[in-house]
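> here are the coordinates; sequence isn't available:
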């Protein structure tokens, strides 16, 4: 097995990188230089680990939600689509690592998977660069570029199947560099390339442009029109691939890939491709491939996130090759003094480990929405009657199921699930929500979840007046009412079922009211549906057994819709609560609407 010579080889582009015995590429390198890529890998791993927590971003869960659905046996995207194959990859990884069991959220499992992908990609980039004749010290520069730009731009946490295609693409390049046309290595490279294309069809732009550039440069024994023929075939094929990309692999909506990042990356990619194509003849096919990918898939206004994810490791490889060429020229000019440069560079990298560790320790906190998911799941279990449906998108539905949600309450369709009580449908969205919001569940550094009613509260004037009249009568019959509870009663913001129940207890036995606490998570304006009863007939409950028994007998005698859904002892008295219904006024007085 042999290696290419250093990247400054004068061989023409047509022949590609020259071959030389392996010891020539490494024997003269100092030990400090050999440590450089290892230290760079550690730095990339530490920087990427900062993204394992924090607040949610668009794209979190985009890979793990289909995978979770696949493992549950639910319908999943087609296996050969980018989303479907990405889901298969993620499901396999999650099964092997038990990620869905270890993480509270699907977003957390995805962040871990993408961190592993980043580290594996960095290792493959190093080995590919080394196989192509780039010294280890310069390969470390490429590794740092890959990791640094990925973390800085958020590409390291972008939930696109293209992220899973990067290791396959680098593996194909490494196998081809090692192959020397060996059948097993070539077959493995072809398989890896096919998987990369299925995960990210933008890979076809890279592979096709690189192949065309290599064929144009390889003009041995061919007619002068060979290059023109290749271009006449390659150009329409690449244009056709670009036209198919929106239908084959549509970009997910969201603000993840917008602003200055596409412009800056496009300028960087094109500049790197131009410089490498000019200075490094052996890397011209790679430079051409990067330029084509940038123009067709990365550059605005039609820039694609997948193109940026795929172009970054290619740009990092070319930057490593350029760094090797620059270092060789500087070393030649510096003479013996140039021998200390590798050791100095490695020492500088080692010093960066300390701030990298400090950055990981001080990374922003956040639970990726675990608190919000758990809050909504608990609220739905305790506050929604049978038959009420929560409608949301497929990704959020998978996350709520992972958090312990009831699958019979969740739907991603436009209509509620048929059954008893069907017809009450509440929407669930991530973020503040629009329309009539019933409840919000904030996350830790996360936009949280909002529950929305299908239409605004359309209570009639007569119904609101009936609430206020009943509340006024209740206040007159209760010895003392806390100020906060009095304000809620005066506003008529109490469920009429609860008002009727409390008024009955007050007129029959006498009532002491400790408070009207809102249901946790529900927004102001949502009817209060629970009360804490402090005393019955002047005796405290639950401290007085006889008074508590009278209260319990009264509650047991109630019929729908006045029978409470929950009765329990709490600090300060006995809590009586009702579940959320769409039209409590209509239940209490069906003929009262107007």
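Sure thing, it's come through. Everything quoted here is computed from the prediction, not taken from an experiment.

> give me the below-cutoff pLDDT ranges for the stretch 251-400 of the chain.
Residues of the stretch 251-400 of the chain meeting the criterion pLDDT under 70: 252-258, 334-343.

> strands of the chain, residue ranges please.
3-4, 19-20, 389-391, 410-411, 425-430, 437-443, 446-452, 511-515, 530-536, 539-540, 566-570, 573-577 (DSSP state E).

> output those strands as TSV; include the columns distance to residue 461 and mean neighbour count.
(C-beta placed from N, C-alpha, C; glycine too.) As requested, the strands of the chain are exported to TSV (distance: least, Cβ to Cβ, whole Å; neighbours: other Cβ atoms under 10 Å):
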stretch	distance to residue 461	mean neighbour count
strand 3-4	84	20
strand 19-20	89	15
strand 389-391	30	22
strand 410-411	34	18
strand 425-430	26	21
strand 437-443	22	21
strand 446-452	24	23
strand 511-515	27	22
strand 530-536	25	24
strand 539-540	39	17
strand 566-570	31	12
strand 573-577	28	21
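
> can you tell me which of the ones you listed the model trusts least?
The stretch with the lowest mean pLDDT among the strands of the chain is strand 19-20, at a mean of 39.

> for residue 210, which of the strands of the chain is the nearest?
With Cβ to Cβ as the criterion, residue 210 lies closest to strand 3-4 of the strands of the chain, at 15.9 Å.

> still on that earlier bit, of the strands of the chain, which is nearest residue 130?
strand 3-4 (7.8 Å).

> select, out of the strands of the chain, the one closest to residue 274.
strand 3-4 (22.3 Å).

> how near is the nearest residue to residue 373 once chain neighbours are set aside to residue 262?
Spatial nearest neighbour of residue 373, chain neighbours left out: residue 403 (3.9 Å); criterion: Cβ to Cβ, 6 or more residues apart in numbering. Distance of residue 403 to residue 262, computed by Cβ to Cβ, to the nearest Å: 34 Å.

> next: residue 586.
Distance from residue 586 to residue 262, by Cβ to Cβ: 53 Å.

> tell me which of these two has more neighbours.
Each of residue 586 and residue 262 has its neighbours counted (other Cβ atoms under 10 Å); residue 262 has more, 22 against 17.

> contact partners for the more buried one?
298-300, 303, 308 (Cβ atoms under 8 Å, 6 or more residues apart in numbering).

> do the same with residue 581
385, 424, 561, 587.

> so what's it scoring on pLDDT?
For residue 581, the predicted pLDDT is 86.

> residue 498 contacts residue 532, doesn't it?
No - in this structure, residue 498 is not within contact of residue 532 by Cβ atoms under 8 Å, at 11.5 Å.

> and of the contacts of residue 581, the nearest to residue 195?
residue 424 (45.6 Å).

> neighbours around the closest one, how many?
The burial count for residue 424: 17, using other Cβ under 10 Å.

> for it, give me the pLDDT.
For residue 424, the model assigns a pLDDT of 80.

> buried ones in stretch 400-411?
Of the residues in stretch 400-411, 400-403, 405, 409-411 count as buried by neighbour count, 16 or more other Cβ atoms under 10 Å.

> how distant is it from the center of its chain?
19 Å (Cα atoms, centre = their mean, to the nearest Å).

> quick one: end-to-end distance for it.
11 Å (Cα to Cα, to the nearest Å).
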